[in-house]
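Student: need a structure here:
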Amino acid sequence: MIDKISKLIDVKLDNINTVALGIITSVDLTKFRCNVKLKHKIQGQEIELFDVPIAFPKFNNCSVIIAPKEGDVVLVVFSKYELEEQLKNREPVDVNELLRFNINNAIIIAGVYTQVDS
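Tutor: Numbers count the residues shown, from 1 in each chain. A predicted model of the protein is given here:
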């Protein structure tokens, strides 16, 4: 019985994406978006995410923009709910509550140093 419950929990957790490392494959600074390939494989397959928003510190209509480049290793986080709907404007929006932590709801939040960078 405990094994069945444990397997059921594992199946549910397998579908939750929270944080991953990725490598930027292209950057579009006019849209503050990039394509990023995850550093881990999923079921033996390389995964590339397209048109991923890049987060920059932004407050009071001022931003600090340090442009990422192709090949940079970055931290990729996944929104609990639909990211594109939330980025349309500043107002709260209705989201699909069944679609949570989906791999397509990614955002780049920072660069990461690897051991070879030091």
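
Student: and N89, how many neighbours does it have?
Tutor: Counted with other Cβ atoms under 10 Å, residues neighbouring N89 total 8. Glycine gets a C-beta too; all of them are placed from N, C-alpha and C.

Student: May I ask you to confirm that L13 belongs to a helix?
Tutor: Yes - the assignment for L13, made by DSSP: H, G, I helix; E, B strand; the rest coil, places it in a helix.

Student: Could you give the number of residues near it?
Tutor: By the measure other Cβ under 10 Å, the count of residues near L13 is 8.

Student: Ok, A20 next?
Tutor: 19.

Student: How about K39?
Tutor: Residues lying near K39 (other Cβ under 10 Å) number 16.

Student: what sits against the closest residue to it other than its chain neighbours?
Tutor: Taking Cβ to Cβ, 6 or more residues apart in numbering, and ignoring the residues beside it in sequence, K39 has L21 as its nearest neighbour in space, at 4.3 Å. Residues in contact with L21 (Cβ atoms under 8 Å, 6 or more residues apart in numbering) are 38-40, 73-76, 112.

Student: which strand residues sit across from L21 in the sheet?
Tutor: L75 (DSSP bridges).

Student: Can you point out the buried residues in the helix or strand harbouring F50?
Tutor: Assigned by DSSP states H and E, F50 belongs to strand 48-53. The neighbour-count criterion (16 or more other Cβ atoms under 10 Å) identifies 49, 52-53 as the buried residues of strand 48-53.

Student: cool, and stretch 3-18?
Tutor: Buried residues in stretch 3-18, defined by neighbour count with 16+ other Cβ under 10 Å: N17.

Student: which regions of the protein lie under the pLDDT threshold?
Tutor: Low-confidence segments of the chain, defined by pLDDT under 70, are located at 15, 118.
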